[in-house]
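> build the 3D model from these lines:
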Amino acid sequence: MKAMMQAGARKDQNRERPFWFVIVATGIIALSVTACATKQSAAALINEGRYKEAEAILIPKAESGDYQAQVHLYHIYNKSRFGFEEDQEKATYWLLKSTENPTGPVEVRKFLLPGDMKELAQRYEEGIGTPQDLNKACYWYKKAALALGCCVEKKVEECVKAGFLPH
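This is a model prediction of the structure:
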């Protein structure tokens, strides 16, 4: 009798598992669809010329660590794209956030990150959107050189000669 009750209990547990699995799977799908819908709705708002509304969608996503939203905000503020006003301080802020963000898609980051590091170094070197800071410029040039393996060695050498980086 005890064995039959245990077997019956297992059957009841097995019936509940698919139910809970469906709830969890549905929640995951809903979150994914919501994330896609948010990006699509921001793009749609930009296409319609409703820039402040698009910005209101993108900024909270970027502030919560969404790599793509951070990169998108950098680009729209950097060159006053899509009807947004150029704002180099905001562009530098979002470039720094995206460059420091470890959550971006690996393939995208592998391709973009070294260039973003170099761009950030140039901004610190020239004081674009941020106070000029040669220490930070050299830091980012060195990181870019390590990531790229080329293209910024001369800048790193200049940083070493100027005493901003150790030999």
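
> CA only for contacts and neighbour counts going forward, please
OK.

> in the chain, mark out all the helices, start to finish.
Here the chain has its helices, by DSSP state H, at 2-47, 51-63, 67-78, 88-100, 106-126, 134-148, 153-161.

> quick one: list the elements packing against the third one.
Yep, that's helix 67-78 we're talking about. On a contact count with 3 or more C-alpha pairs under 8 Å, 6 or more residues apart in numbering; DSSP states H and E, helix 67-78 meets helix 51-63, helix 88-100.

> just put those in a markdown table and tack on distance to residue 146.
Written out in a markdown table, the entries for those read as follows (distance: least, C-alpha to C-alpha, whole Å):
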| stretch | distance to residue 146 |
| --- | --- |
| helix 51-63 | 27 |
| helix 88-100 | 14 |
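
> weakest of the ones you listed by average pLDDT?
Comparing mean pLDDT across the helices and strands packed on helix 67-78, the lowest value falls on helix 51-63: a mean of 90.

> can you give me the angle it makes with helix 67-78?
Helix 51-63 runs at 130 degrees relative to helix 67-78, counting by axes from the mean of the first three to the mean of the last three C-alpha atoms, to 10 degrees.

> low-confidence ranges in this structure?
1-40, 81-82, 107, 109-111, 149-152, 164, 166-167 (pLDDT under 70).

> go again using 80 as the cut-off
1-40, 43, 46-47, 51, 80-84, 102-112, 147-156, 158-167 (pLDDT under 80).

> my read is that residue 78 contacts residue 95, right?
No. The criterion here is C-alpha atoms under 8 Å, and residue 78 misses it with residue 95 at 9.4 Å.

> more neighbours: which of these two?
Between residue 78 and residue 95, counted using other C-alpha atoms under 10 Å, the more crowded position is residue 95 (24 against 21).

> can you report how many residues neighbour the closest residue to the more buried one other than its chain neighbours?
Nearest residue to residue 95, sequence neighbours excluded (C-alpha to C-alpha, 6 or more residues apart in numbering): residue 74, at 5.5 Å. When neighbours are defined as other C-alpha under 10 Å, residue 74 has 25 of them.

> now residue 80
Count around residue 80 with other C-alpha under 10 Å applied: 15.

> can you tell me the closest non-neighbouring residue to it?
Closest to residue 80 by C-alpha to C-alpha, 6+ apart is residue 86, at 4.1 Å.
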